[in-house]
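Undergrad: any chance you can model this:
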Amino acid sequence: MPRLRQVPKAEAHETAQVLYKMLFGERDPVESPGTETGSPGNWWTVFAGVPDCFDHAVQGFAFYRNPNRKISPQLRELGQTRAGYARGSRFVFSQHCKSCRDVGFTEEQIKAIPAWSVATCFSPIERAVLAYTDCLVLEGGRVPDDVFAALRTELSEEEILELTYITCTYDLHATMCRALRLEFDDVDDPITEVPAPEGSGSADVMAAVDEIDGE
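TA: Below is the predicted model of the structure:
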């Protein structure tokens with residue numbers, strides 16, 4: 001379950017009501033969750049807890065889908081999808097794999113996004129976008145000059161700015177989904193202690209190590 005309260009249909013503000021209807025029809029998404037893409041839909045119901053936050057996020061979706069954007073849908077989706085993978089958000093990665101398919105990427109290319117650096121199915125500018133995305137997400141914006149120069153070979157300054165803004169926005173969404181356990185990111189942390197077999201313990205191991213060192 002999400003870590004924050006979900007807003008039922010009866011309590012949702014005007015913009016949320018519109019989106020609820022588009023995504024869930026006449027259902028209350030809290031009582032009867034589920035979207036056409038197979039996600040629970042609780043991103044919407046949790047974000048609706050702060051109406052202007054909800055509206056701001058929705059405006060961001062409208063921004064990147066606006067036909068006035070200079071950056072191509074293909075390169076935009078490549079950045080969004082890799083950002084989801086690099087940040088470890090199953091939800092962002094999964095949803096944008098579908099979007100990659102919609103804008104013309106092949107199954108081979110989509111499958112290769114996690115290991116793009118050793119893949120041969122991407123063009124030079126696609127590889128540059130993937131490298132730049134890793135710099136934004138994994139390196140906190142530390143971008144080598146050679147990576148930026150590779151972008152400049154084919155993209156205008158306007159395209160690079162749009163790509164940067166959209167990719168960073170999806171790093172934000174990926175982070176929030178994990179923190180709030182939304183959608184497909186409602187998973188337990190896999191990094192936990194694995195119990196040792198009954199009757200053994202670290203003291204026994206260390207004693208064995210000390211004995212070896214003493215020889």
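Undergrad: nearest residue to the middle of this protein?
TA: residue 84 (2.5 Å; CA atoms, centre = their mean).
Undergrad: tell me the SS of that residue?
TA: Secondary structure, DSSP: H, G, I helix; E, B strand; the rest coil: residue 84 is helix.
Undergrad: was I right to think it contacts residue 170?
TA: Yes. Applying CB atoms under 8 Å, one finds residue 84 in contact with residue 170, separated by 6.5 Å. The C-beta positions use only the backbone N, C-alpha and C, and glycine is treated the same way.
Undergrad: between the two, what contacts are shared?
TA: 92, 96 (CB atoms under 8 Å, 6 or more residues apart in numbering).
Undergrad: measure how buried residue 118 is and give me the count.
TA: Residues within reach of residue 118, counting by other CB atoms under 10 Å, total 6.
Undergrad: cool, and the one 4 residues further on?
TA: By the criterion of other CB under 10 Å, residue 122 has 19 neighbours.
Undergrad: who's in contact with it?
TA: 109, 112, 116, 130.
Undergrad: assign it to helix, strand or coil.
TA: In three-state terms, and counting by three-state DSSP, residue 122 is coil.
Undergrad: quick one: residue 96 and residue 81 touch, right?
TA: Yes. With contact defined as CB under 8 Å, residue 96 reaches residue 81; the gap is 3.9 Å.
Undergrad: which residues touch residue 49?
TA: Taking CB under 8 Å, 6+ apart, we find residue 49 in contact with 4-7.
Undergrad: again, only this time at 7 Å
TA: Counting by CB atoms under 7 Å, 6 or more residues apart in numbering, residue 49 touches 4-5, 7.
Undergrad: give me the residues contacting the longest helix seen in the chain.
TA: Across the chain, the longest stretch assigned as helix under DSSP state H is helix 157-180. Residues outside helix 157-180 that contact it (CB under 7 Å, 6+ apart) are 2-4, 43, 46, 60, 64, 69-71, 75-76, 79-80, 83-84, 87-89, 91-92, 129, 133, 136-137, 151, 183, 185.
Undergrad: just the buried residues of those.
TA: 2, 4, 43, 46, 60, 64, 69, 71, 75-76, 79-80, 83-84, 87, 89, 91-92, 129, 133, 136-137, 151, 183, 185 (16 or more other CB atoms under 10 Å).
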